[in-house]
Structure formats: C-alpha cells, structure tokens
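Trainee: Have a look at this fold, sequence not included:
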C-alpha cells in the first residue's frame, strides 16, 4: 500500500496544471433521483477565488446565482430563476475553429445572466441561442434544467451548438468537464476529472435504472470533497488510514476534483415536472469545499440570500479560503511547494481538532436539519410560502455562528500553522 501511494505521488507530481477555467459538472434528471427533483452541479475552478451569491431582478424573471465577488455585474456562473430554469457552464477548449479575437471571447457569464433573465424552459434557451447575434463569444458546455423535466447540455461555440439531451440518456446522469464530444479530441481538457466523477456516479447508481440515494449533500461529499483519482486508482478519503500511516500525509494538487483553484461548489435542486418553481433551492459551498459549508438559498422574487454569502468579501468564502491556505496549502511557496497539500487536517484532524471534513459535515447537518424541517412544512402545506421564507430568514441569521463554531479550533489556531510540517527531513 505504501508503494502505491509513493508511486502515485511521483506520477502525479511530474507536472502541475496551470490555474484555468477547469470546472467539473454533472446533471442528474428528475426521473433518476429518488424524489423526482433534478440536480445541476458545478464545481468551479477559476483564477477569481472570492465568490459570493447574488440576487437579481431580471427583465422577466428574478434569479440567484454565483458571481465573482468583485464583479461589476451582468455575469453569473451558475444560477436559477423564479421560472425554475437553471443554467451553468464549463469551459471547453476544443470547439473554437474560427478567427474571432480573444477580446471578443469569454462571454459565458454574460450569456448565462441574460438567459436567467428571460428563459423559463430549455426551449426558450434554444430559441435564445438561435437568435443571439454571431459570433456569440463563447466556447463552453452550458448545462440546463427546467421545471418541466428538461435537462441538457449545449456544446456551444461562436456560430452554433450541439444539444446533448440528458433527460433521454439511459445512464441517468451526465458528467461534463472541459471538453465537448463534438469538438477536437486532441484538445480535450479535464479528462482525468471526468473519469473520476463518472466512476463515482456510476458506482453509486450501480445496475439500477435510477439512483437509490441522491441529494445535494451526497453530491457535495462524494464529488466536491472527493480525493479519488481514477487514473492512478487511489482514493485518499477511502484509504486515509493507509495513506496517512505510510506517508507524511502530503499529496500533489493535480487532477483531483477539488483543487487549489476551486472557488465554490454549487448544486441546484430543481422541482418535479410541473411542480411550483418556488420550491427550487440553490445549495452553495463558497470557497474550498473540504473546509466550506454548503448552505441552502431559496430561489425567490425577493432577496433572501444570507448576508454571510453576499458582498465583495463574502464572510463564508473568505473564511474557507483562509483555512485552506493556512492548513492545507501550508508548506510554503518556495519552488513547487505551493502544489502540495497537507492532507492530515482534511482527513484526520490536527492538534486534537477533528478533521476538516467532519467539521463541514457537522455544520451541514445542523443547518440541513433545520432547513429540511421548513421544507417539509412547505411541501406538506403546514407553512405558507411567505411564512417559509420568513422562517428561512431567521435561520439565515444564525448560519455564520454555526459555521464558526464548527471550525472553531482551526480559526483560533490559524496563526500557528505555516511552518508546522518540515518537509526537508
């Protein structure tokens, strides 16, 4: 076992990927989930790590979405509107075959913002793409769900798109990273992460037609916080005891789903076919998922985004990024040390403190239990919609305190971290 992890470290450490738009995503249509509600997942990697959640009143529909905290506006990187239409993207690197200059590209966030303003269904989105002026300024895979059972990816370039109808796929799910099946195979990116995520979901579904267990929390724990690597055949969470006992607990940050460049992981839980779209919930873990807490945000015409998830410096995102840098990427910046992760705090804890994964799980259980009680009241007719939102606002006031209590030791002792692991010996 020790040789396996040593070999993995050598192989994975040969090169370290440059920070880029390297997102991982998946769609699970409603017919394949236990409760009939579709799931849209985006694990975002970007050079803009400070992210927040915003609420917007669009031309036709209001919506909530993930934004760069310093953005002047007009861009969203995953979001959901009051009609039940939700959209996300992953960058593709194999579609562009034209001479459209770079200055006219990277319009994906603008396109998604506009789509959330005016689209209610996949058909609306297709009409939007059909009538958008050319060149569109994008090279991306857009993933969408709606409130009528629609679920699809759109491999989109400057002059057209190819639809992949996920709702019609017998697999019951579709994983997409940074390549498009309709593009040039020699330019595929993110294939290693695709293999890992596809393997995880495939094992979870098994031979059944649909998933027996599936939820935003399962996606967060199984995918966003996975340190599995399908190419190397390792899983640092599953095999944590062997990994920690046979090594220093250090791993190279390359081709895992969570990366140093991760800014957020978001799951939109849509509604059943024909159900009231007001029951849509956007679940977001701002920052680095292994030391972040996924919190629910109702999709409403009014702004109910918790204050700790808003603003130029979202308190939740800043907290998570701070813990990540001081406890996980803490070996220094000399040479390539910034490419290595100290996995001991993540997997087993440090200095008598619990593991970061268990801190995240604890806070999510506390918040989840309280929110699910409100949800069941709404679904069962015991809570009117306005009462549901009012009670949610009360819960939102306590969210930051719950998170701070969960990570208490890591926050209090943050100043002691930087030189605690001597890799020179």
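Mentor: Structure's in. What do you need? In this text the structure is predicted, and so the values were computed from the model without any measurement. Residues are numbered from 1 along each chain as shown.
Trainee: only C-alpha atoms for contact and neighbour calcs from this point on.
Mentor: Will do.
Trainee: Flag the shaky bits of the stretch 101-250 of the chain, pLDDT-wise.
Mentor: By pLDDT under 70, the stretch 101-250 of the chain contains no weakly predicted segment.
Trainee: In it, what residue spans correspond to helices?
Mentor: For the stretch 101-250 of the chain, the helices defined by DSSP state H, counting those that start in this stretch cover 108-118, 122-131, 191-205, 216-219, 240-245.
Trainee: and the second one, which residues are buried?
Mentor: When you say that, I think you mean helix 122-131. Neighbour-count burial for helix 122-131, with 16 or more other Cα atoms under 10 Å as criterion, is recorded at 122, 125, 128-129.
Trainee: Which residue ranges of the stretch 51-200 of the chain form strands?
Mentor: Counting by DSSP state E, counting those that start in this stretch, the segments of the stretch 51-200 of the chain that form strands are 51-57, 62-68, 78-81, 86-91, 140-145, 151-156, 161-165, 174-176.
Trainee: Quick check: which of those strands is nearest to residue 30?
Mentor: Nearest to residue 30, of all the strands of the stretch 51-200 of the chain, is strand 151-156, at 8.5 Å by Cα to Cα.
Trainee: For that closest one, which strands pair with it and how are they oriented?
Mentor: Taking DSSP bridges as the criterion, strand 151-156 pairs within the sheet with strand 140-145 (antiparallel), strand 161-165 (antiparallel).
Trainee: Nearest approach to residue 370 belongs to which of these?
Mentor: Each of the strands paired with strand 151-156 was checked against residue 370 via Cα to Cα, and the shortest separation belongs to strand 140-145, namely 26.7 Å.
Trainee: is it true that residue 41 touches residue 77?
Mentor: No - no contact is recorded between residue 41 and residue 77 when judged using Cα atoms under 8 Å, the distance being 11.6 Å.
Trainee: Comparing those two, which shows the higher neighbour count?
Mentor: residue 41 (29 against 22; other Cα atoms under 10 Å).
Trainee: Next up, the contacts around that one.
Mentor: With Cα atoms under 8 Å, 6 or more residues apart in numbering as the criterion, the residues that contact residue 41 are 25-27, 219, 265-268.
Trainee: ok, now residue 177?
Mentor: Contact analysis of residue 177 by Cα under 8 Å, 6+ apart lists 22-25, 90-92, 189-191, 193-194.
Trainee: got TSV for these, with neighbour count and distance to residue 260 too?
Mentor: Conversion of the contacts of residue 177 to TSV gives the following (neighbours: other Cα atoms under 10 Å; distance: Cα to Cα, whole Å):
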residue	neighbour count	distance to residue 260
22	25	11
23	27	12
24	27	14
25	28	17
90	28	17
91	26	18
92	28	20
189	18	17
190	20	15
191	16	18
193	27	14
194	24	18
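Trainee: returning to what we had before: so which of the helices of the stretch 101-250 of the chain is the most surrounded?
Mentor: Of all the helices of the stretch 101-250 of the chain, helix 108-118 carries the top mean neighbour count, a mean of 22, counting by mean count of other Cα atoms under 10 Å.
Trainee: by contact count, what packs against that helix?
Mentor: Under the contact definition 3 or more Cα pairs under 8 Å, 6 or more residues apart in numbering; DSSP states H and E, helix 108-118 sits against strand 62-68, strand 78-81, strand 86-91.
Trainee: can you list the residues that contact the first one?
Mentor: Contacts made with strand 62-68 from outside it, assessed by Cα under 8 Å, 6+ apart, are listed as 48-57, 75-82, 116-117, 282, 299-302.
Trainee: Partner strands of that strand and their direction?
Mentor: Strand 62-68 has these partner strands in its sheet, going by DSSP bridges: strand 51-57 (antiparallel), strand 78-81 (antiparallel).
Trainee: Indicate which one of these is closest to residue 353.
Mentor: Taking Cα to Cα as the criterion, residue 353 comes closest to strand 51-57 out of those, the separation being 27.4 Å.
Trainee: which of the residues in the closest one are buried?
Mentor: Along strand 51-57, these residues count as buried under the neighbour rule (16+ other Cα under 10 Å): 51-57.
Trainee: List of residues touching it?
Mentor: Contact with strand 51-57 is made by 62-69, 117, 263-264, 286-287, 301-305, 309-314, 317, as judged by Cα under 8 Å, 6+ apart.
Trainee: Likewise for stretch 121-140?
Mentor: Among residues not part of stretch 121-140, those counted as contacts by Cα under 8 Å, 6+ apart are 84-85, 89-93, 95-96, 100, 104-108, 115, 119, 144-148, 150-152, 155-160.
Trainee: ok, 7 Å please
Mentor: The set of residues that contact stretch 121-140 without belonging to it, under Cα atoms under 7 Å, 6 or more residues apart in numbering, is 85, 89-92, 95-96, 104-108, 115, 119, 146, 150, 155-159.
Trainee: got the end-to-end distance for it?
Mentor: Distance across stretch 121-140, first residue to last, is 19 Å (Cα to Cα, to the nearest Å).
Trainee: ok now that stretch, how far from the chain's centre?
Mentor: Relative to the chain's own centre, stretch 121-140 is displaced by 24 Å; criterion: Cα atoms, centre = their mean, to the nearest Å.
Trainee: cool, and stretch 381-389?
Mentor: On the basis of Cα atoms, centre = their mean, stretch 381-389 sits 28 Å off its chain's mean C-alpha point.
Trainee: and the end-to-end length of it?
Mentor: Start and end residues of stretch 381-389 are separated by 14 Å (Cα to Cα).
Trainee: Over to stretch 178-197?
Mentor: In terms of Cα to Cα, the two terminal residues of stretch 178-197 are separated by 13 Å.
Trainee: Show me where the stretch 201-350 of the chain has its strands.
Mentor: In chain order, the stretch 201-350 of the chain shows strands spanning 228-229, 234-235, 250-252, 262-269, 281-286, 295-298, 340-342, with DSSP E, counting those that start in this stretch as the criterion.
Trainee: Pairing partners for the first one, with directions?
Mentor: Strand 228-229 has the following sheet partners, assigned by DSSP bridges: strand 234-235 (antiparallel).
Trainee: how far is the strand it pairs with from where the chain is centred?
Mentor: 21 Å.
Trainee: ditto for stretch 242-257
Mentor: Computed by Cα atoms, centre = their mean, the chain-centroid distance of stretch 242-257 equals 22 Å.
Trainee: buried ones in it?
Mentor: By 16+ other Cα under 10 Å, the buried positions in stretch 242-257 come out as 243-244, 249-257.
Trainee: Start and end of that stretch, how far apart?
Mentor: Comparing the first residue of stretch 242-257 with its last one, the separation is 21 Å (Cα to Cα).
Trainee: May I see the helices of the stretch 101-250 of the chain organised as a markdown table, with distance to residue 169 added?
Mentor: A markdown table is the format used below for the helices of the stretch 101-250 of the chain (distance: least, Cα to Cα, whole Å):
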| stretch | distance to residue 169 |
| --- | --- |
| helix 108-118 | 24 |
| helix 122-131 | 16 |
| helix 191-205 | 13 |
| helix 216-219 | 19 |
| helix 240-245 | 35 |
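Trainee: If anything else comes up later, I'll come back, but that's it for now.
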